[in-house]
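**Q** Sequence first, then the predicted structure, then my questions.
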Amino acid sequence: QVQLVESGGGSVQPGGSLRLSCAATGFTMAYHAIGWFRQAPGKEREGVACTGTTDGNVHYADSVKGRFTISRDNAKNTVYLQMNTLKPEDTAVYYCAANGLRQCALRADYYGSYWGKGTPVTVSS
């Protein structure tokens with residue numbers, strides 16, 4: 001059974017850090033492009049970061065460049081999103097998604113039906 005499970009969300013003060021995890025079962029993440037998305041209340045889902053299956057195929061939204069880092073641990077079949085210098089505008093539910101293609105993209109419609117259920121992140125003082 002194909003499943004993606006996000007974890008690591010929580011509440012943090014501005015300037016703080018969190019590391020989100022996206023663990024997969026039922027398929028091998030190393031052969032899939034993986035994207036992280038977020039959706040704030042009343043807003044559309046937006047792409048945050050993604051990683052393809054080849055080195056160097058990584059993309060970030062302009063709003064998170066220099067603060068967020070996406071990485072893979074193929075041995076654990078997990079993709080991480082390290083989030084530093086968090087801002088209140090980073091508050092959202094964060095989702096991961098998988099696509100069987102080699103290249104990644106920051107478009108939600110690129111990822112079909114392989115989505116996790118999300119983990120909430122709140123950045124507030």
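**A** Perfect, thanks for sending it.
**Q** mind checking the SS state of the residue most central in space within the chain?
**A** Taking CA atoms, centre = their mean, the centroid of the chain lies closest to Trp36, which sits 2.3 Å from it. Going by DSSP: H, G, I helix; E, B strand; the rest coil, the secondary structure assigned to Trp36 is strand.
**Q** what pLDDT does it get?
**A** Trp36 carries a pLDDT score of 98 in this model.
**Q** Could you measure from it over to Phe27?
**A** Distance, Trp36 to Phe27, by CB to CB, to the nearest Å: 17 Å. C-betas here are computed from N, CA, C, even on glycine.
**Q** and what of Val123?
**A** As judged by CB to CB, Val123 and Phe27 stand 32 Å apart.
**Q** These two: who's more crowded?
**A** Each of Val123 and Phe27 has its neighbours counted (other CB atoms under 10 Å); Val123 has more, 20 against 16.
**Q** Any chance of the backbone angles for the residue nearest to the more buried one when sequence neighbours are not counted?
**A** Leaving aside its chain neighbours, Val123 sits nearest to Leu86 (4.5 Å; criterion: CB to CB, 6 or more residues apart in numbering). Dihedral pair for Leu86: phi -70, psi 150, per degrees, to the nearest 10.
**Q** which residues does Leu86 contact?
**A** Val12, Pro14, Gly15, Gly16, Ser17, Leu18, Arg67, Val121, Val123 (CB atoms under 8 Å, 6 or more residues apart in numbering).
**Q** Can you read off the pLDDT for it?
**A** At Leu86, the pLDDT value in this model is 98.
**Q** Please apply the same query to the one 5 residues further on.
**A** Per-residue confidence (pLDDT) for Thr91: 98.
**Q** With Gly56 instead?
**A** Note for Gly56: predicted pLDDT of 85.
**Q** Please tell me how far it sits from His32.
**A** For Gly56 relative to His32 (CB to CB), the value is 17 Å.
**Q** of these two, who's got more company?
**A** Neighbour comparison, Gly56 and His32: the larger count goes to His32, with 22 against 6 (by other CB under 10 Å).
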